[in-house]
Structure formats: structure tokens, C-alpha cells
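Novice: all I have is the shape, not the residue letters:
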Ligand code: GLY
């Protein structure tokens with residue numbers, strides 16, 4: 001698969017932010033060089049570039065990977081142009097913005113919130129669940145109660161733009177799937193009014209980092225499937241599905257149709273394949289194969305991408321369909337790669 005891998009580079013990325021157009025992309029190959037104990041951060045999609053930049057403020061100064069991934073995940077959570085993560089996320093079909101997130105540290109600690117409403121940074125609440133409670137998961141009203149008790153501000157998260165898109169969707173309530181929405185909408189800077197809407201227009205930020213001590217952590221946060229059924233939870237806040245970190249082996253995260261990832265406990269499986277000696281890319285590919293076994297035909301409505309980092313600092317990804325890209329930052333490079341895929 002190596003020679004099929006395409007590399008998308010946003011060269012000379014401006015500190016003012018990434019303008020993601022076909023023009024500034026180039027073919028190349030990811031580096032697989034071993035950079036043990038050099039810090040690195042990788043994240044899903046091109047909007048991961050801004051998350052990586054934020055994470056790097058911690059990683060590049062010798063900080064902890066856990067702090068880096070939380071800080072990085074908060075960038076798309078706060079981004080008003082991002083309708084699949086955080087405060088500007090599209091609502092469920094009843095108009096409620098419900099957010100899902102989980103986080104894992106180097107000690108196997110984990111915390112998660114599911115169906116959390118009115119809180120702009122679910123990833124930080126998930127971290128507090130991990131650090132301040134004897135539990136792993138808090139959901140719905142209980143998660144909100146916990147957040148408020150810990151000083152988080154209650155906010156209306158349904159933005160006028162999201163409300164408009166939801167009302168537009170309600171006219172037909174048509175569950176027409178749309179995959180790779182991040183590159184179709186956010187990445188190409190389209191606006192809410194021309195974003196195709198459907199149940200699968202959701203793309204998660206999964207972010208994984210290794211710090212200068214060689215410790216791994218990860219975070220995963222999403223508003224989930226746009227216009228989903230009330231109470232629906234995808235893979236992102238489910239430890240082992242949307243994210244898994246094993247500090248001895250590596251870490252993995254996923255994006256795409258969460259139901260298919262949950263069915264195979266995808267991110268945990270990627271890490272287990274790495275434990276067996278597979279490279280991050282091959283581990284992601286073997287995991288995609290599990291989904292393909294259940295879905296052998298190419299489907300317009302089915303995209304899943306896995307992204308992984310091993311303890312040696314090697315990284316890789318694999319997706320069901322082309323279109324999945326991921327962002328990488330370390331001491332040597334700051335790049336956006338195109339994931340290889342099962343179907344062209
Ligand atoms: N992967 C995000 C979701 O399915 O909600």
C-alpha cells in the first residue's frame with residue numbers, strides 16, 4: 001500500500017491559518033522514520049492542523065501529552081465554522097446540540113461524556129470525569145450537572161447558522177448520507193447554506209500525541225451525526241471504539257460512521273494489531289477490513305477512517321473510502337496526509 005499512499009502537503013502553512021485548497025497540496029509520502037521520544041501530534045482531518053498547532057504549544061515546550069491533546073481538541077470545539085464538533089455542531093433532529101467526548105492518558109486513565117448539552121468544551125468535562133470521579137462515563141443531565149458543579153458555564157449552543165441548517169433539513173427530514181463532510185464543507189470553506197445535510201455529515205476530531213517523555217495520550221470529541229435521533233451516541237466517546245491509548249504500544253482514533261466503529265470496537269482493535277507487530281497503517285487497514293467483511297460493497301453512505309501512532313513515533317491511517325486526510329506535526333514536519341483507502 002505504501003506506493004499508493006498520497007501525501008497532501010500544505011506547504012508554508014501560514015500562522016494565520018490553513019487555507020485548504022487543491023492548489024497547495026502536493027504528492028509525497030509520509031515519513032516512517034523512528035523518532036522515539038521526539039514529541040509528535042497527529043489528528044483527523046485538515047481542521048486537525050489548528051488543533052495540532054495548539055497542542056504543540058505544550059508538546060514543544062516539554063509538556064504532557066494529556067494537556068496537549070485536551071488543548072488541541074478545544075480548538076475545533078470552539079470553531080464556529082466547524083459543524084461537526086463542539087459549540088457550533090449541528091443539533092439532533094429535535095434541535096438539541098448534544099456533544100460526545102472522551103480522553104485517555106498514559107496511565108490507562110479514561111473519562112467520557114455522552115449526550116452532554118449546553119457545555120462548549122465536552123473534552124474538558126471528560127478529563128474531569130477521569131480525574132475527579134471514580135467513574136469513566138457520565139451521560140446527559142448527570143454530565144451537565146457535574147460540569148456545572150465544576151464551574152463550566154451553561155450556554156445555548158444552537159447557533160443561528162446551525163438552526164437554519166436544521167430547519168432546512170426538517171423540510172424533508174431526509175436521511176441522505178453525506179461522507180467526508182469535513183473536506184466537502186469545512187475544508188473547502190463552503191458555508192452552512194450550501195453544506196449538504198444528512199445523517200452522516202459528521203466528522204470527529206481525534207487527536208493523539210506523544211510527549212518528550214515518550215508518553216501517549218489521546219482525545220476525541222464530536223457533535224456526532226447531524227440531525228441524529230435524540231439520545232444517539234456514536235463511537236467518539238466510547239473508550240476502545242473512538243479512541244484507545246496503551247502507553248506500552250500506541251494509540252488510535254477514528255472518524256466516520258460511529259455505528260460501524262462501535263460494532264468492531266475499532267480503535268482498541270487497531271492498538272491490538274500494533275501489539276502484534278503491525279505498523280500503524282497496516283493495523284488501521286486490518287481494522288478497516290473487519291468493517292468491510294460486514295459491508296463488502298462500496299456504499300455511498302459509509303466512510304470510516306482510523307488513525308494510529310505507535311510508541312516509536314511511527315504513524316499511519318487507513319479509510320474505507322478516499323477522502324480521509326489527517327494532520328501531523330513534529331519537530332521535522334507539519335503536514336496533511338491523504339489516507340490510503342480500501343475503495344478508490
Ligand atoms: N464518529 C462520530 C460519530 O459517529 O458520532
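Specialist: Arrived safely, thanks for sending. Quick caveat, the model's predicted, so the values are computed rather than measured.
Novice: distance-wise, check residue 235 relative to the ligand.
Specialist: Computed as CB to the nearest ligand atom, to the nearest Å, the residue 235 to the ligand distance reads 5 Å. Bear in mind the C-beta positions are built from the backbone N, C-alpha and C, glycine included.
Novice: let me redo that: residue 86
Specialist: 13 Å.
Novice: now do the SS call for the nearest residue to that residue once chain neighbours are set aside.
Specialist: Sequence neighbours aside, residue 77 is the residue nearest to residue 86 in space, at 3.0 Å (criterion: CB to CB, 6 or more residues apart in numbering). Of the three states, residue 77 takes helix according to DSSP: H, G, I helix; E, B strand; the rest coil.
Novice: ranges for the helices of the stretch 101-250 of the chain?
Specialist: Read by DSSP state H, counting those that start in this stretch, the stretch 101-250 of the chain holds these helices, from start to end of the chain: 122-132, 140-149, 160-172, 181.
Novice: what helix or strand is residue 255 located in?
Specialist: When elements are assigned from DSSP states H and E, residue 255 belongs to strand 250-256.
Novice: and that strand, how far from the chain's centre?
Specialist: For strand 250-256, the distance between its averaged C-alpha position and the chain's averaged C-alpha position is 7 Å (CA atoms, centre = their mean, to the nearest Å).
Novice: now swap in stretch 266-279 and tell me
Specialist: Going by CA atoms, centre = their mean, where stretch 266-279 is centred and where its chain is centred differ by 18 Å.
Novice: chain neighbours aside, what residue packs nearest to the residue in the stretch 1-150 of the chain that the ligand sits nearest to?
Specialist: Taking CB to the nearest ligand atom as the measure, the stretch 1-150 of the chain has residue 100 as its residue closest to the ligand, at 6.4 Å. If the residues on either side of it in the chain are set aside, residue 100 comes closest to residue 237, at 3.8 Å by CB to CB, 6+ apart.
Novice: re earlier: now render the helices of the stretch 101-250 of the chain as TSV, adding mean pLDDT.
Specialist: Formatted as TSV, the helices of the stretch 101-250 of the chain follow (pLDDT from 0 to 100):
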stretch	mean pLDDT
helix 122-132	98
helix 140-149	98
helix 160-172	92
helix 181	50
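Novice: show me the one of those helices that comes nearest residue 299.
Specialist: In this view, the helices of the stretch 101-250 of the chain are compared for proximity to residue 299 by CB to CB, and helix 181 is the closest at 15.5 Å.
Novice: was I right about residue 135 contacting residue 129?
Specialist: Yes. Because the distance of 6.3 Å satisfies CB atoms under 8 Å, residue 135 is recorded as touching residue 129.
Novice: about what we covered before: would you confirm that the residue of the stretch 1-150 of the chain closest to the ligand contacts residue 234?
Specialist: Yes. In this structure residue 100 lies within contact range of residue 234 using CB under 8 Å: 6.5 Å.
Novice: compare these two (neighbour count), which wins?
Specialist: Each of residue 100 and residue 234 had its neighbours counted (other CB atoms under 10 Å), and the higher figure belongs to residue 100 (31 against 26).
Novice: quick check: which element contains the more buried one?
Specialist: Using DSSP H and E, the secondary-structure element containing residue 100 is strand 99-104.
Novice: got the helices of the stretch 101-250 of the chain as JSON lines, with distance to the ligand and mean neighbour count columns?
Specialist: Putting the helices of the stretch 101-250 of the chain into JSON lines (distance: least, CB to the nearest ligand atom, whole Å; neighbours: other CB atoms under 10 Å) gives the following:
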{"stretch": "helix 122-132", "distance to the ligand": "12", "mean neighbour count": "24"}
{"stretch": "helix 140-149", "distance to the ligand": "16", "mean neighbour count": "17"}
{"stretch": "helix 160-172", "distance to the ligand": "16", "mean neighbour count": "15"}
{"stretch": "helix 181", "distance to the ligand": "11", "mean neighbour count": "25"}
